[in-house]
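# Return a 3D structure for these sequence lines:
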Amino acid sequence: MNDKTATAKGQAAPRQQKLRFNSANVKSSYCNMCNATSTREEVVLNFGVNQNWDQPSTTPAELEVDLQHRIILSPFAAKRLSEALSQLVRDYETRYGKLA
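Numbers count the residues shown, from 1 in each chain. Reported below is the predicted structural model:
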């Protein structure tokens, strides 16, 4: 069924929606650590920087991570993010080789 037929039968023609990102207020930061927790209603992602790379080879009793961002998602948004990240990693590995 084309748009003219759909409109002639009183049905709304499907509209194509465009997505435009406004990056005027975006802030970028480096994070090398992520922690995820969840409840029934939300998924919480904490992003931070582990600055213990210069520690001696012995394992310290405690590592300190400077948390910088907390993102709270619905479980539905978290699943979409998971699928998007999985595809991104598959594409990366196709181009550059398997990640360990």
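# hey, let's count contacts and neighbours off CA atoms from now on
Noted.
# Please state the backbone phi and psi of the most centrally placed residue in the chain?
By CA atoms, centre = their mean, the mean C-alpha position of the chain lies nearest to residue 81, the distance being 4.6 Å. Residue 81 adopts backbone torsions of phi -60, psi -40, taken as degrees, to the nearest 10.
# what pLDDT does it get?
pLDDT, residue 81: 98.
# Please apply the same query to the one 4 residues further on.
What the model reports for residue 85 is a pLDDT of 97.
# got the contact list for it?
Counting by CA atoms under 8 Å, 6 or more residues apart in numbering, residue 85 touches no other residue.
# Am I right that it falls within a helix?
Yes: per DSSP: H, G, I helix; E, B strand; the rest coil, residue 85 lies within a helix segment.
# Could you pull out the helices in the protein for me?
3-8, 75-96 (DSSP state H).
# Let me have the ones you listed in a markdown table, extended by distance to residue 64.
Converted to a markdown table, the helices of the chain look like this (distance: least, CA to CA, whole Å):
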| stretch | distance to residue 64 |
| --- | --- |
| helix 3-8 | 59 |
| helix 75-96 | 26 |
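# Residue 52 is nearest to which of these?
helix 75-96 (26.1 Å; CA to CA).
# between the helices of the chain, which one is nearest to residue 39?
Among the helices of the chain, helix 75-96 sits nearest to residue 39 (CA to CA), with 8.9 Å.
# The closest one: which residues count as buried?
By neighbour count on 16 or more other CA atoms under 10 Å, the buried set for helix 75-96 is 75, 78.
# What is the burial count for residue 65?
Residues near residue 65, counting by other CA atoms under 10 Å, number 15.
# just checking, it touches residue 49?
Yes: contact criterion CA atoms under 8 Å: residue 65 and residue 49 qualify, at 5.6 Å.
# Give the residues shared as contacts by these two.
With CA under 8 Å, 6+ apart as the test, residue 65 and residue 49 both reach residue 33.
# For stretch 32-45, what is the distance to the chain centroid?
11 Å (CA atoms, centre = their mean, to the nearest Å).
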